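> Below are the sequence and a predicted model for it; my questions follow.
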Amino acid sequence: MNQVRFAPDQSERPLELPRARLTPRQRRTVRQIGGILVALALWELSSATGAVNSNALVTPLATLGGITSHMTALATALVATLEAWALGISVAVVAGILIGTLVGRSQIADAATETIVRMMRPLPSLALIPIAILIAGLGVRMTAGLVSFAAFWPVFINTRVGVRQVDNTVLETAAVLGLKKLNLLYRVVLPSASPMIASGIQVAISLALVVTVSVELVGGTGGLGEFILLAQQGNEPSVMFGGIIMGGLLGWGISRLFAWIIDRFIPWRTQGIRTNA
């Protein structure tokens, strides 16, 4: 006699709640926050245990106190640094794209400038401070000029390479369609080279901020660099570290803003990265 088996009642099974899954962007944010927390913990541990002299490395809480107690002076210094940075990076980006495009489109100009580029590119901006002081004097103009010099090279080199790498088939097709000279540059060459140009600008904006603070620190031209220098000379390590942390936050904010602009206007630059995330 065959035995009849009854399927278990589905209603008697425990309900399984769906697991919340984080998106790639959320996972990346969690990892970034975790990295910051680990860095703060190591900082606190190094200072609290005496592994590093507490007078040289103050605690994160003391650094926060230094920031809040000098907020007005710190804000004024940040504005001065941003002014010099913005002026310098603006000149560097415009000049780098224009000259890089002209050199990239001409084999003669590319060969003629190759030696000059190899000589001038590794020259540190701080070595030019005496010359810059003689030309522009102490102040924003001098700082912005040195920033422009340092930030020009990444933009120029990436623009030159990006323009030279434009596919000849694309250029020939555009020529057949009647695009010439400025229209060809505006509609074909620059859009094709825009990912390389954007990469150069991304390097330049971070380098420009480093040079800005360094020149202010060495030359005493105001801004965040001078703020940090005065705090160090006044034996206020918490204020000094506060200025350093605010400089890092400023650089992070500028980088995030530029990344947002690139995602909005050149989305194909990061399309492959997002797909593989």
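Thanks, I have it.
> Return the distance of the one helix or strand residue 68 maps to from the chain's centre.
Remark: residue 68 resides in helix 60-69, with elements defined by DSSP states H and E. For helix 60-69, the separation from the chain centroid amounts to 25 Å (computed by CA atoms, centre = their mean, to the nearest Å).
> Pull out the buried positions in that helix.
Across helix 60-69, burial judged by 16 or more other CB atoms under 10 Å covers 62, 63, 66, 67. All C-beta spots, glycine's among them, are computed from the backbone N, C-alpha and C.
> For the last one, which non-adjacent residue is closest in space?
So that's residue 67. In space, and not counting its chain neighbours, residue 67 is closest to residue 242: 3.9 Å by CB to CB, 6 or more residues apart in numbering.
> The second one now?
Distance criterion CB to CB, 6+ apart; nearest residue to residue 63, sequence neighbours excluded, is residue 241 at 4.4 Å.
> So which other helices or strands are in contact with the helix or strand where that neighbour lies?
Using DSSP H and E, residue 241 falls within helix 237-265. When contacts are defined as 3 or more CB pairs under 8 Å, 6 or more residues apart in numbering; DSSP states H and E, helix 237-265 sits against helix 60-69, helix 71-104, helix 190-219, helix 223-233.
> Which among those helices is found nearest to residue 138?
Among these, helix 190-219 comes nearest to residue 138, with 6.6 Å by CB to CB.
> Pass me the low-pLDDT residue ranges in the stretch 151-277 of the chain, would you?
170-172, 174-179, 268-277 (pLDDT under 70).
> returning to that earlier point: does the residue nearest to residue 67 touch residue 73 like I think?
No - assessed by CB atoms under 8 Å, residue 242 is found out of contact with residue 73, at 10.3 Å.
> For the two, indicate the residue with more neighbours.
Ranked by neighbour count (other CB atoms under 10 Å), residue 242 and residue 73 place residue 242 first, with 26 against 14.
> And the next helix or strand past the host helix or strand of residue 117?
Assigned by DSSP H and E, residue 117 falls within helix 107-120. Sequence-wise, the next helix or strand downstream of helix 107-120 (DSSP H and E) is helix 129-136.
> list the helices and strands the following helix or strand past that following helix packs on?
Using DSSP H and E, the helix or strand that follows helix 129-136 in sequence is helix 140-164. Contacts defined by 3+ CB pairs under 8 Å, 6+ apart place helix 140-164 against helix 71-104, helix 107-120, helix 129-136, helix 190-219.
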